[in-house]
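Q: compute the structure for the input listed below.
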Amino acid sequence: MKITTTAAVAFCLLVGTQGFGGLDAAPVSLLDTQGNTQEISKYQGKIVVLNFWATWCVPCRHEMPLLAEMQKKYENKGVVILGASVDDEKTQPQIKPFAEKNKIAFPLLVGATTDQMQRLDLGEAIPATAFFDADGNLIARVLGELDKSDLQNRIEWMLGKRHGKAPPAFVNGFQKKHAPDSAPSIFTH
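A: Here you go, the predicted structure:
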């Protein structure tokens, strides 16, 4: 993927199953829509919901307002939502107007790739979401469009407000809607 001029500043996102910067952390280079650099390690001590999406992806467009609602509801409780866009050079200019129209106030990142998704065991289809606990450990993944009830339950459970059995660590929503070999690829738009 060729990086645009607005993407000239590097954004280093360290994620992995061993936590922020842990031994198995996989460096993922991304940029925010403002060209500012950030590191996910600055979110140490917070729950991070990392959602891979694109402006041309219909299920992604449906779930973005939900993610914005959850960010607003839980931002003061230690939850951070990040939207990693897989939009290419042609569609990246649509990210900012989409965010403004849908009142998306959480950070949107550009230049995400399937390689980065695969490092998190998210496959190649979008939407896909990774959930990190306050120590930076990858504790859950959801493939496909997020469900409001499930998302809220996961966040509440991660905040320690729900007791009992944890939500499933892996949900493949594509299996419900698509045959195994017809799951949407981020490259089909």
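Q: neighbours around the closest residue to residue 94 other than its chain neighbours, how many?
A: Computed as C-beta to C-beta, 6 or more residues apart in numbering, the closest residue to residue 94 that is not its neighbour in sequence is residue 55, at 4.3 Å. C-beta: built from backbone N, CA, C; applies to glycine. Using other C-beta atoms under 10 Å, residue 55 has 20 neighbouring residues.
Q: now swap in the one 4 residues further on and tell me
A: Taking other C-beta under 10 Å as the neighbour definition, residue 59 ends up with a count of 18.
Q: what does the average pLDDT come to for stretch 49-62?
A: What stretch 49-62 shows for mean pLDDT is 96.
Q: what's the longest helix anywhere in the chain packed up against?
A: Criterion DSSP state H: the longest helix present in the chain is helix 58-74. On a contact count with 3 or more C-beta pairs under 8 Å, 6 or more residues apart in numbering; DSSP states H and E, helix 58-74 meets strand 47-53, strand 79-85, helix 148-158.
Q: can you pull the contacts of the residue nearest the centre of the chain?
A: Nearest to the mean C-alpha position of the chain, by C-alpha atoms, centre = their mean, lies residue 51 at 1.5 Å. The neighbours of residue 51, taking C-beta atoms under 8 Å, 6 or more residues apart in numbering as the test, are 63, 67, 81, 82, 83, 84, 127, 128, 129, 146.
Q: for the fifth one, give me its contacts.
A: Looking back up the chat, that one is residue 83. Taking C-beta under 8 Å, 6+ apart, one finds 51, 53, 64, 67, 104, 106, 107, 108, 109 in contact with residue 83.
Q: from residue 70, how far off is residue 124?
A: Counting by C-beta to C-beta, to the nearest Å, the gap from residue 124 to residue 70 is 25 Å.
Q: can you check residue 138 too?
A: 19 Å.
Q: do the same with residue 31
A: Taking C-beta to C-beta, one finds residue 31 at 24 Å from residue 70.
Q: compare those two (neighbour count), which wins?
A: residue 31 (26 against 21).
Q: could you pull up the residues touching the closest residue to residue 77 other than its chain neighbours?
A: Spatial nearest neighbour of residue 77, excluding adjacent residues (C-beta to C-beta, 6+ apart): residue 159 at 5.9 Å. Counting by C-beta under 8 Å, 6+ apart, residue 159 makes contact with 47, 74, 77, 78, 79.
Q: tell me the pLDDT of the fourth one.
A: Pointing back at residue 78 there. pLDDT, read off for residue 78, is 97.
Q: gap between it and residue 56?
A: 32 Å.
Q: so between the two, which is more surrounded?
A: Ranked by neighbour count (other C-beta under 10 Å), residue 78 and residue 56 place residue 56 first, with 18 against 14.
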